[in-house]
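Novice: One predicted model, sequence on top.
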Amino acid sequence: MSGLEIGGPAPDFTLRDQFGADVTLSDFHGKKAVAIFFFPFAFSGVCTGEMSGLRDRLDEFVTFDTEVLAISCDPVYAMRQFADTDRLNFSVLSDFWPHGEVTQAYDVFNDRTGAPRRSSYIIDKSGVVRWAVHNDNADGRDLDEHLRQLHAAVWGK
């Protein structure tokens, strides 16, 4: 699994969030860095734990003037129920249709399962990919490392 090139532009996209509102990546250019968390399936064990951990530490991410976007190929209605059930206070986006189009653009679509791989990208304020990590689906993410990489992307340290 290769993912996107570090230092290259992040593919722009517009996806619907858990409330049915459009969220466009390029709307954050010049304003905020973006942490993108691709996750395989709503309500699965590892994904639920990760998204709840992200919810609990969201204040640490927004300290860096960052937008947090979680993306799955589940439909908007599932994203709404998932976000409501686990009190997720960030954008949970549906890449359901055309199925996995954004996930494929970020080179993290798993053809076998029809879902994203457990991958993350840090995009700086100018829309450039600064860091990426791709975990096995059974392995949760290290949020401390995400915060370190976000700090480096935002402040160059």
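Specialist: Ah, there it is.
Novice: Ala33 contacts Leu150, correct?
Specialist: Yes: the pair formed by Ala33 and Leu150 meets the contact definition of C-beta atoms under 8 Å, at 6.4 Å. In short, each C-beta sits where N, CA and C put it, glycine included.
Novice: who touches both of these two?
Specialist: Overlap between the contact sets of Ala33 and Leu150, as judged by C-beta atoms under 8 Å, 6 or more residues apart in numbering, is given by Phe64, Thr66, Ile122.
Novice: Next, give phi and psi for the first one.
Specialist: Taking degrees, to the nearest 10, you get phi -90, psi 20 for the backbone angles of Phe64.
Novice: pLDDT score for it?
Specialist: At Phe64, the predicted lDDT confidence score is 78.
Novice: ok, so what distance separates it from Asp107?
Specialist: Between Phe64 and Asp107 the distance, using C-beta to C-beta, to the nearest Å, works out to 25 Å.
Novice: cool, and the last one?
Specialist: Ile122 is 16 Å from Asp107, where distance means C-beta to C-beta.
Novice: likewise Ile6?
Specialist: Per C-beta to C-beta, Ile6 is found 12 Å from Asp107.
Novice: out of those two, which sits in the busier spot?
Specialist: With neighbours defined as other C-beta atoms under 10 Å, Ile6 and Asp107 compare such that Asp107 has more, 16 against 12.
Novice: Validate this expectation: that one resides in a strand.
Specialist: No: counting by DSSP: H, G, I helix; E, B strand; the rest coil, Asp107 falls outside a strand, being coil.
Novice: so who does Arg118 touch?
Specialist: Taking C-beta under 8 Å, 6+ apart as the contact definition, Arg118 lies against 38-40, 46-47, 50, 134-137, 139-141.
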